[in-house]
Each structure stands twice: as C-alpha cells, then as structure tokens.
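A.B. asks: Show me the folded form of this:
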Amino acid sequence: MKTAILALLIGASLCAASAARATTPEAPIVATGAVPDEAAKAAILARLREVFGAERVVDQISVGGVTSPPRWAEQVQRSITPHLKGVSAGSLSVDGTQVALNGTVASDQARKALASEVAASFNNQFVVKNGLAVAAGEQQLLDQTLGNRIVEFESGKATLTPTGQQILDEMAKALQSVKGRRVEIIGHTDSDGSRVSNLALSQARANEVQRYLVAKGGDAAMLSTTGMGPDRPVASNASPEGRARNRRIEFRVLAP
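C.D. replies: Got it, this is the predicted structure:
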C-alpha cells in the first residue's frame, strides 16, 4: 500500500487555484495528496485555515488507500507554520517520511529560519530537504540597505524616532532603484501585551513608514502595508534582546 502524501502548493497556478483567485486577493494555498482517514484530513485542513485563512485554502486532498508513519498527521500539522506565508511560488511536500520545502523567500535569514522550523516539526525518522531560494535583485538591495538595523519608534507608539527616520531616508533612496515594483511594508511586534493591541500597533507603524516614504518621494500606489503583530518572531521573546529583534519593519518586493 502507498504511503500518505501531502503537497501544499503556495501561490500555485492550477485550475482550481485560478478559480479561487477570482474571489481571493491573495494567492491560494492548494492542498493535494492522499491521507489515511478523515480525521487526518480534517486536522490538516483546520491548521491550514488557521494559518492562511479559510478563504485561501483549496482542498484537493483524497482519503483512504494509504498508510502513514506513527503521528504523521500531527507532525505535518506542526510543519504548517505562519512563516510559510513568506514563501513565494513554493511548496511543502510530505511524502511518507520524505519532506521537501521549495520556493522563494525574502532573505537568507528567512530561508534558514523557515527550514529550521519545518525540520524541528518532524522526528528523526523524517528526511527534510531545503530547496528554498533567496529572491534576487531588488529584494537584495532593500535587505542590504536595511542591514541588521531596526526602524525605531517611540515606545508603544507609531511615532518614528530620529534614528528610525534616518534609516528610512536611506530606504527611500533604495526604493528609487526598484521603481515599477510593488513593495509591502510589514510591521512586527514582540509578544508583550495582547495580540489584538500588537496587531493594531504593527499596522499603525507600517502605515507610518509608508506615509514617511511617500513624503520622501515614494509612490503610494506601489507601497502596501501589513501588520503581523507578534505572529512572525525572528528571535525568542524570553529575553529583552530577542524582543528588540522582533520589534521590526520588514520590506518585501512582491512578485509582478
């Protein structure tokens, strides 16, 4: 008997995905493959909808006719992490105990973090292959301009500090080199406080960055904003240093 397989197609252009795109502003997540029972399917779909939103998930999973290793569905669920949202035109495939992660991410830091997170979701029976690539060209320019610096705001507010403004002055110049490409400004917070307030604060800060860059000559139509709150940490929130790293602004060049 065949072993269970699940393939998540992120931003795929399959027929079913194209149909979903007509009513969904973001690229769909197409779930295909075969799982051993309805419980496994329901659990995996529930996790996908929790992470990506129900409107983005296209269900093409079949049930029955396959076997799976112990705790297979549970480990697959753990591998469906919010960091997968940062993958463009990619996939996560779990074929029995063979795991393949492919697609494009914004930075080498994101590539390593996601690969590590997915690998940690599975026990040592599984083999994880990292096929993620870093976006080239314009994204690298923005990443290099920002470097490892944090766009600073006044504590608990969406007011830029002078240091934050100085960094954005440099980013404004870099954005002139990526004219014609859409850029998403993403706000992040640490986990202190409520998630609701952190989501609102991260959105307000992303909006303030957009306002500042437009005032410096940026094209408002090409700059979008998203507030992720505490949902995509890049460090542990258990230490002051980790929380400082998580309070950040990210710039992502979007696909044409």
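A.B. asks: Which parts of the stretch 51-200 of the chain are helices?
C.D. replies: Shown for the stretch 51-200 of the chain, the helices assigned by DSSP state H, counting those that start in this stretch span residues 72-79, 108-120, 138-146, 162-175, 195-215.
A.B. asks: And for stretch 162-169, what's in contact with it?
C.D. replies: Residues outside stretch 162-169 that contact it (Cβ atoms under 8 Å, 6 or more residues apart in numbering): L146, R149, V151, E152, F153, L160, V209, Y212, L213, K216. The C-beta positions use only the backbone N, C-alpha and C, and glycine is treated the same way.
A.B. asks: Likewise for stretch 132-148?
C.D. replies: With contact meaning Cβ under 8 Å, 6+ apart, stretch 132-148 is reached by 87-88, 90, 101-108, 110-111, 114-115, 167, 170-171, 173-175, 177-178, 181, 183, 251-253.
A.B. asks: ok, 7 Å please
C.D. replies: 101-108, 111, 114-115, 170-171, 174, 177-178, 181, 251, 253 (Cβ atoms under 7 Å, 6 or more residues apart in numbering).
A.B. asks: start to end distance for it?
C.D. replies: 21 Å (Cα to Cα, to the nearest Å).
A.B. asks: so how far is that stretch from its chain's centroid?
C.D. replies: Mean-position distance between stretch 132-148 and its chain equals 15 Å (Cα atoms, centre = their mean, to the nearest Å).
A.B. asks: can I see the domain layout of this structure?
C.D. replies: 2-134, 138-253 (automatic domain parsing).
A.B. asks: Give me the mean pLDDT for stretch 217-226.
C.D. replies: Averaging pLDDT along stretch 217-226 gives 94.
A.B. asks: What of stretch 96-108?
C.D. replies: Stretch 96-108 carries an average pLDDT of 87.
A.B. asks: got a list of contacts for it?
C.D. replies: Stretch 96-108 has contacts (Cβ under 7 Å, 6+ apart) with 3-5, 10, 69, 86-93, 111, 114-115, 118, 122, 125-135, 139, 143, 252.
A.B. asks: what do you get for stretch 194-213?
C.D. replies: 151, 153, 158, 160, 165, 168, 171-172, 175, 185-189, 223, 225-230, 249.
A.B. asks: And stretch 233-245, by the same measure?
C.D. replies: With Cβ under 7 Å, 6+ apart as the test, stretch 233-245 has contacts from Q109, A113, I150, D190, S191, D192, N246.
A.B. asks: Buried subset of the residues you listed, written for PyMOL?
C.D. replies: Those of the contacts of stretch 233-245 that count as buried under 16 or more other Cβ atoms under 10 Å are selected in PyMOL with:
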select buried, resi 113+150+190+191+246
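A.B. asks: Can you pick out the most distant pair from the contacts of stretch 233-245?
C.D. replies: Distance extremes for the contacts of stretch 233-245: the farthest pair is Q109 and D192 at 22.5 Å, using Cβ to Cβ.
A.B. asks: sorry, back to before: ranking the domains of the chain by mean pLDDT, which is last?
C.D. replies: Mean pLDDT is lowest for domain 2-134 out of these, coming in at a mean of 85.
A.B. asks: what's the span of it from first residue to last?
C.D. replies: Domain 2-134 has an end-to-end distance of 34 Å (Cα to Cα).
A.B. asks: likewise stretch 140-154?
C.D. replies: 28 Å.
A.B. asks: Tally up the residues packed near K173, please.
C.D. replies: 12 (other Cβ atoms under 10 Å).
A.B. asks: again, but for the one 3 residues further on
C.D. replies: In terms of burial, Q176 registers 11 neighbours under the definition other Cβ under 10 Å.
A.B. asks: Now do the SS call for the residue lying closest to it once chain neighbours are set aside.
C.D. replies: What sits nearest to Q176 in space, not counting adjacent residues and going by Cβ to Cβ, 6 or more residues apart in numbering, is G217, at 7.3 Å. Three-state assignment for G217 (DSSP: H, G, I helix; E, B strand; the rest coil): coil.
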